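**Q** Structure for this input, please:
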Amino acid sequence: MRGVAGNRWFFRRGLWGVYWDFAPIWLGLLFLIAACADPGPERTAAVDAGVGQDGALAGHPAALEQGLAAYARVLGRLVRSGCLDLAALEEDAAIASDLAAARLLLGQVEPHELPVAARLPFWIDLHNLCLLEGLLAGLQQDPDFHVGWYTFDLLRERRCPVGGAVLTLTEIVSGVRGVPDLLADRPFAQTFPTQVDPRVHCALYQGARSGPSLPALPLSGDEAEVRLARACTRWLNHPWRGAGPDGLSAIFSWYAEDFQPAGPAAFLLAHRARGLQDVDLEQRLSFSWLPDRYVPDDPYCRSDLGGCEPRPEECNGVDDDCDGHVDEGVLPPPELCTRQGICRELAPICYQGRWACLRPAGYEDPEVSCDGLDNDCDGQVDEELTPPVGLCTLVGVCLAAGPPVCEGAAGWRCPAAPGYEEPEQSCDGQDNDCNGLVDDVPTPPAGVCKPFGVCVDATAACVAGEWQCTYPATYEPNVELSCDGRDNDCDGTTDEEVPNCNCPNGELRECGVDEGQCSKGIQRCYLGTWFACSGLDPRAETCDGLDNDCDGLTDEGLAGCECVPGRAEPCPPRGQCYPGWRYCQPDGRWGECYGAELPEPEVCDGWDNDCDGEVDEAAELVRGPELTCRSGGVCGPEQPAVCHEGRWNCLYPLGFEPVERSCDGLDNDCDGSTDEDLQLPDLHTVPYPVAWDDPECWAGGDWEGPAGCCPPRFRVARCRAGRFEACCLFEICGDAEGRDDDCDGRADDPECPVVPPAGG
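**A** Numbers count the residues shown, from 1 in each chain. As a prediction, this is how the structure comes out:
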């Protein structure tokens, strides 16, 4: 690769500064797909801590076990020789469903409940699983889908549920690098490492053409530490992905601080099989973000760069038949899993190189749930169960009931007790609802208390097994005696048959009206008779500006009464002039106006200064301060200012722009310059030559070759000859059309080499 001439070296060296101008974007939007593992022949045959007595996975919550098992099935069928086998995805529809199920199951895990050693592998597996699902969804919609230079929505979408939150891939990357600033307010932020382990970069970036090759198993498991170390060795041994004669992966520059203080050299010495041999530490390999698709005999898709001797495939985490897949098509041993009760549909799976039975949700050993199911899978339902303590109340009439009874799917039932009531209704001296209280009846029956008069608020109580009503002190049974406006005998009639009782003795009521000069008052009842009202009554109307007769009208029906004598008011104004004041005479009529404001010369202020009924009339205006209007360009010859809406203004023609913003070949701001300092449009709206999108030119990095392309990050928009054009930051030499690509007015600049004619 070092032998590629000219322009490829130019973009590694000559444009290195431009390349790193975009580095902050690339660093936050890395293309990461799957976790890293090494299913080499030296891998152990099983994970003992993950298998129970009957072969079922144990040691972690069921969601974690089942999620990792589904993820392992996806990787075992989708990964071929370290790359994505998209043909397998088309042939096996279960891959997509297993991937979605794995994401949902791992999303139920609470990271802080995991052992400390299992947290980092879990985060890397969750991140890579979500990103793999997003990548496959994108490829299904667009066969050319990849993470472009400007489109990184895949890494910013909230697509990873975990611990009650939904995270972005960028947030998880920040966490596994030991800098979870984006997640500081989350309860699971403490589960991330406090400082970066540079080996995580061996388990990230997979799925990109230049990243580490894809694994065949999740990183989580008892061998996570060993597999992570082997992944680093495999990556660094690959000369086009990790380290070789053409240089180091760009990852060592993007995350240089993660490899300090020892630096990349120490990392290679610790993990690369050949150490620093045949490695150029000063150069950086170009990084391709295209999907790492499987292609037969492609050296990029050989994770170990070594040979393989085929043999029958076994469940051992090894690619025995050398087809690039691990543990595929193996048959489980007979009768491995119990098939009774809720385990009836249980089937063995090859999990991390070992046959195991996943315990279904609801599995119990021993059985404790009363649900009509065989939860311990022994062929018996709800056997030998112990009722929960405190399930049934053992007070009141419930003391006579028996122990709780298991009724299968209906759950536990407490036997009915003689006399039990829910809620309690009987006043009989017993605790019928078994709550420890006797006769705590919430609502008495109807008819215990009289429902009228002073008895409305009377309350009934159960006393010694009988209902009794407590009446107020004003209650008069049988015969009403008081003249007080109350139904004292609670028969529905007030003060009946009480002598001389026209009104309740001592009662007060409101009287009169609250209108004009009148006001409401109070009347008192004394010895059954209402006394006079204490308010102000109506009087005859007089010319005083008041409503004396309290009918809602003022001074009505009085001849010559225009105003209240002695009152003054301003005279009606006209324009800016003010005619003065007038006074109301003793006869109720207005007198002459006194005092005045006289007319003044008309000025441009939006007022009628000369009081002629017109505002800012041009013929009478007094010229204000001189206002110089722009001229030239679209403004044309200089025009005098005019008075408009109370201000002197310059009236410019259509097309005038205070600040130039249109690329139209005109001097829109009338400053003598054309199309200067324009705000450039969105680059995607400006047409550019189709040749700039040559994919072969992009993939090879030969951006100045005969095909001639210009990647999006080197494109700019410029205003030329009254329209926006797409330009490239460099001239593409030798293109067939002789185009001026960098918009400097010259096609094929002098810097382009001169190509001699054929035969010359």
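
**Q** Near residue 437, how many other residues are there?
**A** Each residue near residue 437 was counted by other C-beta atoms under 10 Å, and the total is 13. Where C-beta positions appear, they are placed from N, C-alpha and C, glycine not excepted.

**Q** what's near enough to touch it?
**A** Going by C-beta atoms under 8 Å, 6 or more residues apart in numbering, residue 437 touches residue 431.

**Q** switch to 10 Å and redo it
**A** Shown in contact with residue 437 (C-beta atoms under 10 Å, 6 or more residues apart in numbering): 395, 396, 424, 431.

**Q** I'd say the first one and residue 432 touch.
**A** The one in question is residue 395. No. When contacts are counted by C-beta atoms under 10 Å, residue 395 is not listed as touching residue 432 (11.1 Å).

**Q** Neighbour count for those two, which is higher?
**A** Per other C-beta under 10 Å, whichever of residue 395 and residue 432 has more neighbours is residue 432, with 25 against 12.

**Q** and the gap between the more buried one and residue 446?
**A** Distance, residue 432 to residue 446, using C-beta to C-beta, to the nearest Å: 20 Å.

**Q** low-scoring pLDDT stretches of the stretch 301-450 of the chain, where are they?
**A** Within the stretch 301-450 of the chain, the ranges that satisfy pLDDT under 70 run 302-310, 321-325, 352, 442.

**Q** Show me the helices in it, by range?
**A** Under the criterion DSSP state H, counting those that start in this stretch, the stretch 301-450 of the chain carries no helices.

**Q** Which parts of this protein are helices?
**A** Ranges of helices in the chain, per DSSP state H, are 7-9, 16-21, 23-28, 62-78, 86-91, 94-106, 116-141, 153-156, 169-176, 224-237, 251-254, 263-271, 695-700.

**Q** would you turn those helices into TSV with distance to residue 635?
**A** Shown next, in TSV, are the helices of the chain (distance: least, C-beta to C-beta, whole Å):
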stretch	distance to residue 635
helix 7-9	49
helix 16-21	41
helix 23-28	43
helix 62-78	67
helix 86-91	63
helix 94-106	63
helix 116-141	52
helix 153-156	46
helix 169-176	51
helix 224-237	66
helix 251-254	53
helix 263-271	63
helix 695-700	48
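
**Q** Out of these, which is closest to residue 633?
**A** Nearest to residue 633 among those is helix 16-21; the distance by C-beta to C-beta comes to 36.9 Å.

**Q** got a pLDDT number for the residue nearest the centre of the chain?
**A** Centroid-nearest residue in the chain, with C-alpha atoms, centre = their mean: residue 158, separated by 7.4 Å. pLDDT recorded at residue 158 is 88.

**Q** can you pull the contacts of it?
**A** Shown in contact with residue 158 (C-beta under 10 Å, 6+ apart): 130, 165, 166, 167, 168, 169, 171.

**Q** how about the nearest residue to residue 568, chain neighbours excluded?
**A** residue 583 (4.8 Å; C-beta to C-beta, 6 or more residues apart in numbering).

**Q** Double-check the one you found against residue 593; I have them as touching.
**A** Yes. The pair residue 583 / residue 593 is scored as a contact, 9.5 Å apart, by C-beta under 10 Å.

**Q** Could you pull out the strands in the stretch 501-650 of the chain for me?
**A** Taking DSSP state E, counting those that start in this stretch as the test, the strands found in the stretch 501-650 of the chain are 508-511, 521-526, 529-530, 568-570, 581-583, 642-644, 647-649.

**Q** can you put these in TSV and add distance to residue 208, mean neighbour count and mean pLDDT?
**A** TSV is the format used below for the strands of the stretch 501-650 of the chain (distance: least, C-beta to C-beta, whole Å; neighbours: other C-beta atoms under 10 Å; pLDDT from 0 to 100):
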stretch	distance to residue 208	mean neighbour count	mean pLDDT
strand 508-511	88	12	86
strand 521-526	92	16	84
strand 529-530	99	13	77
strand 568-570	85	12	84
strand 581-583	90	16	84
strand 642-644	63	16	83
strand 647-649	61	15	84
